[in-house]
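Novice: Here's my sequence, what's the structure:
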Amino acid sequence: MDVQRLTFDSYLYKRVVAMKPLQQIKLTMLTLGSILRGKALAPLKYKPVSSAVREEKEVEKMLKNYSIKGGIKVKS
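Specialist: Presented below is the predicted three-dimensional model:
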């Protein structure tokens, strides 16, 4: 709700609108909580979903060349 109000007010007044200090603290704590929960619930080892358009050998080769963190780079 706080983010929606901040976004709407900033759009309405065409400038960044400051939040009340308590709202800012609340939003910061909720954001940090979400990050911590996400890290706690994330699997320890990433296992990609099988590709519908690439052979398994091609996917393995791509994963060796590029880290999962940055994603698989695909030629466009």
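Novice: Give me the residues contacting the lengthiest helix in the chain.
Specialist: If you go by DSSP state H, the chain has its longest helix at helix 21-41. By CB atoms under 8 Å, 6 or more residues apart in numbering, the surrounding residues in contact with helix 21-41 are 2-3, 19. Backbone N, C-alpha and C define where each C-beta goes, glycine included.
Novice: please redo it, this time with the cut-off set to 7 Å
Specialist: Defining contact as CB atoms under 7 Å, 6 or more residues apart in numbering, one finds that helix 21-41 is touched by 2-3.
Novice: average pLDDT across that helix?
Specialist: Averaged across helix 21-41, pLDDT comes to 86.
Novice: What is the subsequent helix or strand relative to that helix?
Specialist: Per DSSP states H and E, the first helix or strand lying C-terminal to helix 21-41 is helix 56-65.
Novice: ok, the residue nearest to the spatial centre of the chain to residue 41 distance?
Specialist: Among the residues of the chain, the smallest C-alpha distance to the mean C-alpha position (CA atoms, centre = their mean) belongs to residue 35, namely 9.4 Å. From residue 35 over to residue 41 the distance is 11 Å, taken as CB to CB, to the nearest Å.
Novice: can you check residue 2 too?
Specialist: Residue 2 sits 24 Å away from residue 41, taking CB to CB as the criterion.
Novice: Which residue of these two possesses the greater neighbour count?
Specialist: residue 2 (14 against 7; other CB atoms under 10 Å).
Novice: Okay, that one and residue 33: tell me how far apart.
Specialist: Look at residue 2 and residue 33: by CB to CB, they are 14 Å apart.
Novice: Next: residue 51.
Specialist: Here the distance between residue 51 and residue 33 works out to 34 Å (CB to CB).
Novice: and the closest residue to residue 3 other than its chain neighbours, how many neighbours does it have?
Specialist: The shortest distance from residue 3 to any non-neighbouring residue, by CB to CB, 6 or more residues apart in numbering, is to residue 27 (6.8 Å). By other CB under 10 Å, the residues close to residue 27 number 15.
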